[in-house]
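Asker: Show me the folded form of this:
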Amino acid sequence: MSEFFYEIWPFVVQGIILLMTLLASGHAILNKRDTHSAVAWVGVIWLVPVLGAVLYVILGINRIRRRAKALRGSRTRYISSPNTTYQFHKNNEDALEDQFVVLSGLVDKIVLMPLLQGNRIVPLVNGDEAFPAMIKAIDEAERSVALSTYIFDNDRAGRLFLDALARAVARNVEVRVLIDDMGARYSLPSVTAKLRRTGITATRFLPTLLPWRMPFVNLRNHRKILVTDGRAGFTGGMNIREGLLLKEQPRNPLQDLHFFMEGPVVDHLRMAFAEDWAFCTGELLRDERWFPVLEPRGTVMARGIPDGPDEDFEKVLWTVHGALACAKSSVRIVTPYFLPDSALIRSLNLAAMRGVTVDIILPSVNNLPIVKWASTELYGRILEYGCRIWLTPPPFDHTKLMIMDAAWTLFGSANMDPRSFWLDFEFNVECYDRDLAARMEAFIQTKIQVARQVTLDDVNNRRLPVKLRDGFARLFSPYL
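Answerer: Residues are numbered from 1 along each chain as shown. Okay, the predicted model is just below:
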């Protein structure tokens, strides 16, 4: 018996190795969308038996999206009211050019949310404008306050919001506060304990202190949403941090942009919050306190775009690609973190090669140096086909904004980087309105006037150590 075992065990081991190789290769072939990635992994799996398959299991399988689907796939879905939708028609007096008919139809297929008419949208620059407006809305709330933020610092700005929320609770207003668990740790002690001590119902998104659950460093809730009485909404890129109160001359100043919203599109903000809240707590927010009927308040056509590594995967990224394909004259992008993948670089370059003026406005000094280095390594691929890059002076600019053909505006929480496009939960808004776009064009122009334009010579003349540093940082761009 022992002799028989010694004779067959090499064949058993070889069979197990072959089975592992076949299973790992089959998984890569079936699940890797990018052909180069699939070929590379299959090569590693076959050329390095056992170890190649183990490496693929550890590093090659996209657990981020799979885990997000498992966590949130059965969450409550709120359906937008169908009686406020808007469709472009060429014979409508208020319709824009054909390109926007095409773009709105494309986004209809990407996003579950309908395009809604009758909205009022007001840009708010820095915390000096946004925070007083948000606190005023909380103080005027009579029935409900829903606040979701990535960072809620325990500082001067945080205390302003804490006091306003406490006043709302004292008036018997229903208050719900959702803070991302990672974002809550930006200041210590965290503000969440203070919120709960004052009677404010607050929770964290995907809390964990366990090292083996650190994959949740991805899957962050990066959304910034405030809705009061179900009618007044705020969203954009701003966290709650005293650095945004520039008039107070903070130690670490920040620039950013937020938006006040009224009208039917607020339904998309309150739906996104209610789904996240139900996922975190199990509580369903359904009654009139949270979902009153919304009336038209302005002339802007708008749509919310929730995005995340679940069923809302790549919604913002596809929308950006669609806008670049539809652009005829100009595209302007403001973002703090710019790490486009090859496909997005091609879309930007193709737009420039068609004669579209493509301006990308970035901060000259970044709060995350490694992101700055990785971004710099990509500049050459952007500039060589006609796109323009501008670097704005300090303070660090956290603004996230895109304007296309002076008529279409995209704003929200998503950066132009892999983390926002693939790993985190984001919320953006697209708007079709020339007046709003004109205001945002003027806003961007003030940034360009004080910015320094980057040239190909600037990129090519970097010293060799700098090039090596930037190139090494680029290798980590999918994780930054």
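Asker: how close does residue 145 sit to residue 277?
Answerer: Distance of residue 145 to residue 277, computed by Cβ to Cβ, to the nearest Å: 12 Å. Yep, even glycine has a C-beta here, placed from its N, CA and C like the rest.
Asker: all helices for the stretch 51-200 of the chain, in order.
Answerer: Counting by DSSP state H, counting those that start in this stretch, the stretch 51-200 of the chain has these helices, from start to end: 51-55, 63-72, 98-110, 126-140, 156-170, 192-197.
Asker: For the fourth one, buried residues please.
Answerer: What that stands for is helix 126-140. Residues 126, 127, 129, 130, 131, 134, 135, 137, 138, 139 are the ones in helix 126-140 that count as buried (16 or more other Cβ atoms under 10 Å).
Asker: Same check on the last one?
Answerer: By neighbour count, and taking 16+ other Cβ under 10 Å as the criterion, the buried residues in helix 192-197 are 192, 194, 195.
Asker: Over to the fifth one?
Answerer: Along helix 156-170, the positions that meet the burial threshold by neighbour count (16+ other Cβ under 10 Å) are 157, 158, 160, 161, 162, 164, 165, 166, 167, 168, 169.
Asker: pretty sure residue 236 is in contact with residue 413, am I right?
Answerer: Yes. Counting by Cβ atoms under 8 Å, residue 236 sits close enough to residue 413 to count as a contact (7.3 Å).
Asker: For the two, list the residues in contact with both.
Answerer: 224, 400 (Cβ atoms under 8 Å, 6 or more residues apart in numbering).
Asker: Look up which helix or strand residue 390 falls in, please.
Answerer: Using DSSP states H and E, residue 390 sits within strand 388-392.
Asker: Go ahead and confirm residue 412 touches residue 427.
Answerer: Yes. A contact is recorded between residue 412 and residue 427 when judged using Cβ under 8 Å, the distance being 5.5 Å.
Asker: which residues do these two both contact?
Answerer: 235, 305.
Asker: So which of the helices of the stretch 51-200 of the chain is nearest residue 178?
Answerer: For the helices of the stretch 51-200 of the chain, the distance to residue 178 is smallest for helix 192-197, at 10.3 Å, taking Cβ to Cβ.
Asker: after that closest one comes which helix or strand?
Answerer: Tracing the chain C-terminally past helix 192-197 and defining elements by DSSP H and E, one meets strand 201-205 next.
Asker: for that following strand, the distance to its chain's centre please.
Answerer: Centroid separation between strand 201-205 and its chain, computed with Cα atoms, centre = their mean, to the nearest Å, is 20 Å.
Asker: Give me the next element, helix or strand, following that strand.
Answerer: Past strand 201-205, heading to the C-terminal end, the next element that is a helix or strand (DSSP H and E) is strand 225-228.
Asker: Which other helices and strands does that following strand contact?
Answerer: Applying 3 or more Cβ pairs under 8 Å, 6 or more residues apart in numbering; DSSP states H and E, we find strand 225-228 packed against helix 126-140, strand 144-149, strand 232-236, helix 266-281.
Asker: and of these, who's closest to residue 10?
Answerer: Across the helices and strands packed on strand 225-228, the minimum distance to residue 10, taken as Cβ to Cβ, is reached by helix 266-281, at 51.0 Å.
Asker: And the closest one, what's buried?
Answerer: Residues of helix 266-281 classed as buried by neighbour count (16+ other Cβ under 10 Å): 266-280.
Asker: Only C-alpha atoms, please: export it in PDB.
Answerer: Provided in PDB are the C-alpha atoms of helix 266-281 (Å, rounded to 0.1, in the frame of the first residue of the first chain):
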ATOM      1  CA  VAL A 266     -33.300  67.300  -4.100                       C
ATOM      2  CA  ASP A 267     -35.200  64.000  -4.400                       C
ATOM      3  CA  HIS A 268     -32.000  62.400  -5.600                       C
ATOM      4  CA  LEU A 269     -30.000  63.700  -2.600                       C
ATOM      5  CA  ARG A 270     -32.500  62.500  -0.100                       C
ATOM      6  CA  MET A 271     -32.800  59.100  -1.800                       C
ATOM      7  CA  ALA A 272     -29.000  58.600  -1.700                       C
ATOM      8  CA  PHE A 273     -28.900  59.500   2.000                       C
ATOM      9  CA  ALA A 274     -31.900  57.300   2.900                       C
ATOM     10  CA  GLU A 275     -30.400  54.300   1.200                       C
ATOM     11  CA  ASP A 276     -27.000  54.800   2.900                       C
ATOM     12  CA  TRP A 277     -28.800  55.300   6.300                       C
ATOM     13  CA  ALA A 278     -30.900  52.100   5.800                       C
ATOM     14  CA  PHE A 279     -27.800  50.200   5.000                       C
ATOM     15  CA  CYS A 280     -26.000  51.400   8.100                       C
ATOM     16  CA  THR A 281     -28.800  51.300  10.600                       C
END
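Asker: which strands and helices sit next to it?
Answerer: Applying 3+ Cβ pairs under 8 Å, 6+ apart, one finds that helix 266-281 contacts strand 116-125, strand 144-149, strand 174-180, strand 201-205, strand 225-228, strand 232-236, strand 300-307, strand 426-432.
Asker: What mean pLDDT does it get?
Answerer: Per-residue confidence for helix 266-281 averages out to 94 on the pLDDT scale.
Asker: now residue 452, nearest residue through space, not along the chain?
Answerer: Closest residue in space to residue 452, ignoring its immediate chain neighbours: residue 391 at 5.0 Å, by Cβ to Cβ, 6 or more residues apart in numbering.
Asker: Roughly how far does the spatially closest residue to residue 303 that is not a sequence neighbour sit from residue 430?
Answerer: Leaving aside its sequence neighbours, residue 303 sits nearest to residue 115 (Cβ to Cβ, 6+ apart; 4.6 Å). Distance of residue 115 to residue 430, computed by Cβ to Cβ: 8 Å.
Asker: So for those two, which residues contact both of them?
Answerer: With contacts defined as Cβ under 8 Å, 6+ apart, the residues shared by residue 115 and residue 430 are 107, 302, 303.
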